[in-house]
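# Here's my sequence, what's the structure:
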Amino acid sequence: MNSPEATLLAIILLIILLSLRVKLYYVLGVVPIIIALLYGGLDFLVTIVINALLDHTTIGLVFSVFIVSLLVSMYVRSNIVYRLSEELSKLFRSDLATITLVPGVIGLLPVPGGALMSAPIVDVAGSRLGLSKDKKLFINVWYRHIIVYVYPLSSIIILASAVTGVNLWMLLLAQIPVAVLMFLCGLPFVGLKSSKIEKNADTNLVARGMIPIISSIILAILLSPLDYILKFERISVGLAVLISIPIFIILNKLKANIIMDSLRDNRIWEITLISLEVMILRELFLSMDLKPIANMIINIGFSREILALIIPILFSIIAGHPTAGIAIATPIIASITSINLSLASIIYASAFIGYIASPLHLCYLYTAQYYRISIIEGYKYMIPVTLASLIAATIISTHIPLT
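So this is what the prediction gives:
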C-alpha cells in the first residue's frame with residue numbers, strides 16, 4: 001500500500017472508530033498497527049514501535065504528562081480546583097473571562113499535559129454558564145493556544161522564523177492581529193452570557209491554588225536548558241511540575257489518602273497511555289514517504305499563497321504538531337518560489353492553526369479524555385472557527401507591507 005492510500009485509510013479508520021465511540025486509547029492503539037502492517041509489514045511495525053519507545057521526545061513527553069496528570073488529579077480530588085474556579089471568576093469578575101483567559105495563561109506551560117490543568121477550571125466555570133461538554137472541549141483547547149501563537153519564546157515561531165529566513169519579531173508582529181481575530185472568532189461559540197460578579201475573591205485561596213501552577217511555568221523556563229543537556233525534550237516541564245507537587249501538598253495541607261487516590265486515578269494512566277500511542281502514530285507518519293501527497297497538491301496548479309496554506313496544514317494535521325507542517329512544507333514551497341514575510345506568515349498560521357484542530361493534537365485528545373466525550377463532538381465548533389481564523393490569517397498576511 002502506498003503512502004496516500006495508507007494516510008487516507010488511517011483517517012477513515014480514525015473517523016469510523018471514534019464515531020462508534022470506541023475508547024480513544026483503543027483507537028490509537030489499533031490504527032497504527034493496521035496501517036504499519038499494510039504499509040510496510042511486520043518488520044516495519046516493529047521498527048516503528050521500537051523507534052518511538054526509544055525516542056527521547058517520547059520519554060520526555062510521557063514522563064511530563066504523567067506528572068502533570070498527577071498534579072491535576074490532586075487538584076480535583078482535593079476539591080481545590082472547584083474553589084479556585086469560583087475565586088478566579090470573582091477575581092476576573094466574570095466566568096466568561098475565566099474560561100477564555102485562564103487556559104491561555106496556563107498554556108505558557110509548554111507541554112500538552114498543561115491542557116489538563118485548565119480543563120477542570122473551564123469545566124466548573126463553564127457549568128455555571130450552562131455550557132455543554134463539547135463547548136468546554138473547544139474552549140479549553142482553542143483559548144489555550146492563542147497566547148502561545150504570539151509568544152516570542154515559543155519554539156514553534158522560532159522554528160518558523162529560522163526555516164523561512166524571516167525576522168522573528170517581524171513575523172511575530174504580523175501575527176498579533178491574527179491572534180486577536182482568533183480570540184474573537186471563538187466568542188460566538190462560547191456564548192456571551194456572563195453575569196458580572198461583584199463578590200471579592202479569596203486571595204489566599206487563589207494564591208494557594210495558583211502558586212503551584214505559576215511555579216511550574218517559571219521552573220520549566222529556568223530548567224529548560226536541561227532539555228538540551230540531557231537530550232530529553234520537555235523533561236524540564238516534568239521536573240518543574242514534580243517540584244511543584246510538594247509545594248501544592250504543603251500549601252493546601254493535603255492528606256495522604258488524597259495523594260493515594262490520585263495515584264489510583266484511571267485518567268492518569270489512560271492519558272499517559274494515549275501519549276505513548278500518539279508518539280507511535282507520529283513515528284509511523286514520519287517514517288512514511290509523504291512526498292507523493294505534497295506532489296499531488298503541487299501538480300493541481302494552485303497559487304503560491306494557496307500552497308502555503310494547504311501544504312503546512314496537511315502535515316500539521318497528519319503529525320499532530322505544527323513543527324511538522326513548518327519543517328516539511330517550507331522546503332517544498334521554497335523550491336517553487338521565494339519566501340517573504342507575507343508567505344512566511346501564511347505558512348506559520350496554516351501550520352499552527354491547522355494543528356489546533358488536528359485529531360492527533362495531544363491537548364485536544366487529553367481534554368476530550370478528561371471530559372469523557374468523543375473528540376468528534378468538539379468539531380462542530382472547532383471546524384468553523386478554524387476555517388474563519390485561517391481565512392482571516394490569509395487575508396491579513398497577503399496585505400502585509402513588504403517594505
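
# Could you list the low-pLDDT ranges of the stretch 251-400 of the chain?
Within the stretch 251-400 of the chain, the segments meeting pLDDT under 70 span 290-291, 293-294, 335.

# all helices for it, in order.
Assigned by DSSP state H, counting those that start in this stretch, the stretch 251-400 of the chain shows helices spanning 256-263, 266-287, 291-299, 304-319, 322-334, 341-356, 362-371, 379-398.

# With Thr47 as the reference, name the closest of the ones you listed.
For Thr47, the closest of the helices of the stretch 251-400 of the chain is helix 266-287, at 7.6 Å, according to C-beta to C-beta. Backbone N, C-alpha and C define where each C-beta goes, glycine included.

# in that closest one, what counts as buried?
Neighbour-count burial for helix 266-287 flags 267-268, 270-287 (criterion: 16 or more other C-beta atoms under 10 Å).

# do stretch 145-161 as well
For stretch 145-161, burial by neighbour count (16+ other C-beta under 10 Å) applies to 145-151, 154, 156-157, 159-161.

# Looking at those, which are in helices?
Among those, the members falling in helices (DSSP state H) are 145-149, 156-157, 159-161.

# Hmm, His321 and Phe285 touching each other?
No - if you go by C-beta atoms under 8 Å, Phe285 and His321 don't touch, sitting 10.4 Å apart.

# For Tyr348, give its distance to Leu172.
Going from Tyr348 to Leu172 by C-beta to C-beta, to the nearest Å gives 9 Å.

# Overlap of the contact sets of those two?
Residues touching both Tyr348 and Leu172 by C-beta atoms under 8 Å, 6 or more residues apart in numbering: Ile157.

# ok, those two, which is more surrounded?
Tyr348 (32 against 20; other C-beta atoms under 10 Å).

# so what's the more buried one closest to, chain neighbours aside?
Among residues not flanking Tyr348 along the chain, Ala160 sits closest, at 4.3 Å (C-beta to C-beta, 6 or more residues apart in numbering).

# mind listing what the one you found touches?
Applying C-beta under 8 Å, 6+ apart to Ala160 gives the contacts 166, 171, 326, 330, 344, 347-348, 351.

# rewinding a little: just say which of the helices of the stretch 251-400 of the chain is most tucked in.
Among the helices of the stretch 251-400 of the chain, ranked by average contacts under mean count of other C-beta atoms under 10 Å, first place goes to helix 341-356 (a mean of 26).

# what's the angle between it and helix 322-334?
Relative orientation of helix 341-356 and helix 322-334, computed by axes from the mean of the first three to the mean of the last three C-alpha atoms, to 10 degrees: 140 degrees.

# Which strands or helices does helix 341-356 pack on?
helix 133-149, helix 155-164, helix 168-190, helix 304-319, helix 322-334, helix 379-398 (3 or more C-beta pairs under 8 Å, 6 or more residues apart in numbering; DSSP states H and E).

# what comes into contact with the fifth one?
Residues from elsewhere that reach helix 322-334 (C-beta under 8 Å, 6+ apart): 155-156, 159-160, 163-164, 286, 290, 294, 298, 304, 307-308, 311-319, 339, 343, 347-348, 350-352, 354-355.

# how about the helices and strands packed on helix 341-356 in a markdown table, adding distance to Ile218?
Listed next are the helices and strands packed on helix 341-356 as a markdown table, based on distance: least, C-beta to C-beta, whole Å:
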| stretch | distance to Ile218 |
| --- | --- |
| helix 133-149 | 16 |
| helix 155-164 | 18 |
| helix 168-190 | 22 |
| helix 304-319 | 29 |
| helix 322-334 | 24 |
| helix 379-398 | 30 |
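
# which stretch among those helices comes nearest Tyr364?
Nearest to Tyr364, of all the helices and strands packed on helix 341-356, is helix 133-149, at 5.0 Å by C-beta to C-beta.

# Now distance to Ala6 too, for the helices of the stretch 251-400 of the chain, in a markdown table please.
Formatted as a markdown table, the helices of the stretch 251-400 of the chain follow (distance: least, C-beta to C-beta, whole Å):
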| stretch | distance to Ala6 |
| --- | --- |
| helix 256-263 | 39 |
| helix 266-287 | 9 |
| helix 291-299 | 10 |
| helix 304-319 | 11 |
| helix 322-334 | 17 |
| helix 341-356 | 20 |
| helix 362-371 | 21 |
| helix 379-398 | 23 |
